[in-house]
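Colleague: task: produce atomic coordinates for the following.
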Amino acid sequence: MAAEEINKPPSLPPYPEMILSAIEALNEGNGSNKTSISKYIESNYGDLPAGHIALLSHHLNRMKDTGEIVFWKNNYSKPDPNAPPRRGRGRPPKPKDPLSPASSEMAPARPRGRPPKDPNAPPKPVKPKAATAGSGRPRGRPRKMARPAGGITTGSAATTSAAPMTAGSGRPRGRPPKVKAASMTEVSVQN
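Modeller: You can find the predicted model right below:
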């Protein structure tokens, strides 16, 4: 901040004063936006530093945070003491309760993590597990069935059967290998 104040000409008033005078002079109903404030300052104060836009944004944000000006619908205006507080979209912020020094001394900070077990506490009684009321089958996915002892069969009897193939039919899983026909082995001649 010291470098910014050195670069400013001595005749230039502080930015908060220029901003407040611009808002008062423009006297717009809903407040003045940043560009109109900037144009007013440029026309009235002439010789401004190179980073004027950045400085203006910085001071507008600072004044908005301190409550010197109110930001509503992209416009800056002076706060009206009689006006009710305006609420923006979304959830309102939680009220900030300033902690007094007396309340912080009363409650010591709790350590992080799970508290250790009390060795003097009596053990909790063990509850018996409730019997499973149901079909009597075990829980979870059933076990895989054993493969048939016949093995994989090959031949015309297996290929001509019209019955749909099931998991234990003797064929390996997946897509069958492509059969090369005699007509596909000929090489075509290109012109």
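Colleague: pLDDT below threshold where in the chain?
Modeller: 1-10, 83-88, 98-108, 129-134, 148-169, 182-191 (pLDDT under 70).
Colleague: give me the longest helix you can find in it.
Modeller: helix 52-66 (DSSP state H).
Colleague: buried sites along the one helix or strand Pro16 maps to?
Modeller: Per DSSP states H and E, Pro16 falls inside helix 15-26. Neighbour counts over helix 15-26 (16 or more other C-beta atoms under 10 Å) mark 15, 18-23, 26 as buried. Using the backbone N, CA and C atoms, a C-beta is placed for each residue, glycine as well.
Colleague: ok, and the closest non-adjacent residue to Glu68?
Modeller: Among residues not flanking Glu68 along the chain, Pro16 sits closest, at 6.8 Å (C-beta to C-beta, 6 or more residues apart in numbering).
Colleague: so the one you found makes contact with Lys64?
Modeller: No. With contact defined as C-beta atoms under 8 Å, Pro16 does not reach Lys64; the gap is 11.3 Å.
Colleague: ok, so of the buried residues of helix 15-26, who is nearest His58?
Modeller: His58 has its nearest neighbour among these in Tyr15, at 8.1 Å by C-beta to C-beta.
Colleague: how far off helix 52-66 does the next helix or strand after the helix holding Pro16 point, in degrees?
Modeller: Scanning forward in sequence from helix 15-26 by DSSP H and E, the next helix or strand is helix 34-45. For helix 34-45 against helix 52-66, the angle by axes from the mean of the first three to the mean of the last three C-alpha atoms, to 10 degrees is 120 degrees.
Colleague: give me the helices and strands touching helix 34-45, please.
Modeller: helix 15-26, helix 52-66 (3 or more C-beta pairs under 8 Å, 6 or more residues apart in numbering; DSSP states H and E).
Colleague: if we look at the first one, which residues are touching it?
Modeller: Right, the one you point to is helix 15-26. 12, 31-32, 36-37, 40-41, 44-45, 55-56, 59-60, 63, 68-69, 76-78 (C-beta atoms under 8 Å, 6 or more residues apart in numbering).
Colleague: circling back: how about the helices and strands packed on helix 34-45, which one is nearest Lys144?
Modeller: helix 52-66 (67.4 Å).
Colleague: buried stuff in that closest one?
Modeller: Going by 16+ other C-beta under 10 Å, helix 52-66 has these buried residues: 55-56, 59-60, 63.
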